[in-house]
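>>> I'll drop the sequence and a predicted model, then ask my questions.
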Amino acid sequence: MSGSPLSRWTMSYFAAALVFLLAGLALMAGGFGFPANAVEAPDTLVVVHLIAVGWLCLLFCGALLQFVPVLTASEARLGRLAAPALLSIVGGLAMLVAGFLAMGGHVGVPSSIMLPGAFLLMAGLGVLALSFVLTILGETRPGLSSILVTFGLAGLTATALLGTGFAAALSGLFDSAFLDGLLPAAIPFHGAFGLLGWMTVTAIGVSYRLFSMFVLAPEATASARRVALSASAALLGGLAALSAALFSGGGVAWAVSLLAVALACLLACLYLSDIAAMFRARRRRQLELNSQAGVVALAFLAAGLIALAAGQFLETAWPVTPAAFYLLAMGWLTGLGLAQLYKIIPFLTWLEGYGPVMGKTAVPRVQDLVSERVARKWFVLYFASVALASALMLAGMPTGFRIAAVLQFIAVAGLGLEYVRARRLSYAPEALRLPAGARRPHLIYAAYG
């Protein structure tokens, strides 16, 4: 990564993402959305989109701004559009959330505001997706990570197109039987494409390289072709299920959906097997905190997919499928994201601050920019509260769920403070903190890149 230019706006994406995560957790702690309200209620949609778009989507896009040029060993295409894309996404999400709040009777704006909001979201995400794809296409022989990121971007495209269709249907501006039928038939696929097709496939692709870098192990490639094939098959299976849901009977859709879930589970099994092999072959015997927390997130991936598969078979009053999505979103994706931020932020800060004087004077190590002793308690609290919240959601105990959400908020706020301290060089030894020629990084953007 040190051989690739720093992305100027990656930290801005991370900062905005963390604000949205805290906002979503605060609303859940206040009893806003599921399980206090129905899954399809406007209040639930507010929370879901704050977490899925505001937190996870911005987190992934910010990471890819830095990571895709590293994968391809080339300069990012359309890199200057990263800042306008961020403004477009944040503005579009604000309008979308305002529309949901209007549907719930909380604000006095027309719900039709959702449609221009969806177009703004599409524009921002579309520019970023185009940038990533053009950069990857410049790679002579794309590796496994690049292939999986490309599949993930296909999932993002499907998610965004469905979301725009939903916004058109809910805006009340169109009288269309197709749009009216789109909502009940395609909502599950909107969530699945976003959480599995876009975010999980991309997270798997990115984490192959990150785990390899951070545990000092050769990147596992034995099952690379099987992983890529199962990812593409899962994506195609999801598209087939969506088509079946829209244009044929529900039985066909259920069967194809089940196949897509099975292929997604196969992808996860191959991935977990490769990561296990990578950890066995690692040269860094003592795992750093980010890798330890990443392993816990992998356990939530397995638990979430098992719950999702169970939800396809079980006919029960228990909210198994919502709990599965919660495990995947908050345990797997958010847990992995928070864990990797704990390494990525100090690493990029170290490159930015000490790059100009590296080799000329003594500088702190990357690990000197963080305190694992302090951060460890926040990770323990976070993962424990996610497990507790999932169990309470499954048991139908909304008050207990709110308490668990409060604990998650506290843990994320604590980790956010640790990210700020790393960025401000607070833990760096005073004698080495700012040698002559070093730069004190700005909090939310890179001074050069």
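Thanks, I have the structure now. Numbering: from 1, shown residues only.
>>> what's the helix or strand encompassing residue 187 in contact with?
Secondary structure from DSSP states H and E places residue 187 in helix 177-192. With contact meaning CB atoms under 8 Å, 6 or more residues apart in numbering, helix 177-192 is reached by 40, 158-159, 162-163, 165-166, 168-170, 238, 241-242, 245-246, 253, 257, 260, 325. All C-beta spots, glycine's among them, are computed from the backbone N, C-alpha and C.
>>> which of the residues you listed are buried?
158-159, 162-163, 165-166, 168-170, 238, 241-242, 245, 253, 257, 260, 325 (16 or more other CB atoms under 10 Å).
>>> secondary structure element holding residue 373?
helix 372-394.
>>> tell me the buried residues in the helix holding residue 187?
179, 182, 186, 188-192.
>>> by mean pLDDT, which helix or strand of the chain comes out lowest?
Ranked by mean pLDDT, DSSP states H and E, the weakest helix or strand in the chain is helix 224-247, scoring a mean of 70.
>>> could you identify the helix or strand that succeeds it?
helix 250-280.
>>> so that next one versus helix 177-192, what angle?
20 degrees (axes from the mean of the first three to the mean of the last three CA atoms, to 10 degrees).
>>> now do helix 250-280: which elements does it pack against?
With contacts defined as 3 or more CB pairs under 8 Å, 6 or more residues apart in numbering; DSSP states H and E, helix 250-280 has these neighbours: helix 177-192, helix 201-215, helix 224-247, helix 289-313.
>>> distance to residue 125 added to the ones you listed, as a markdown table?
Below are the helices and strands packed on helix 250-280 laid out as a markdown table (distance: least, CB to CB, whole Å):
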| stretch | distance to residue 125 |
| --- | --- |
| helix 177-192 | 14 |
| helix 201-215 | 13 |
| helix 224-247 | 17 |
| helix 289-313 | 24 |
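>>> weakest of those helices by average pLDDT?
Of all the helices and strands packed on helix 250-280, the minimum mean pLDDT falls on helix 224-247 (a mean of 70).
>>> quick check, central residue of the chain?
residue 56 (3.3 Å; CA atoms, centre = their mean).
>>> run through the residues that contact that one.
17, 199, 329, 333-334, 337 are the contacts of residue 56 under CB under 8 Å, 6+ apart.
>>> pick out the most distant pair among those residues.
Farthest pair in the contacts of residue 56 (CB to CB) is 17 and 329. Separation: 13.5 Å.
>>> closest to residue 298 out of the contacts of residue 56?
Closest approach to residue 298 among the contacts of residue 56 (CB to CB): residue 333, at 11.4 Å.
>>> how many neighbours does that closest one have?
26 (other CB atoms under 10 Å).
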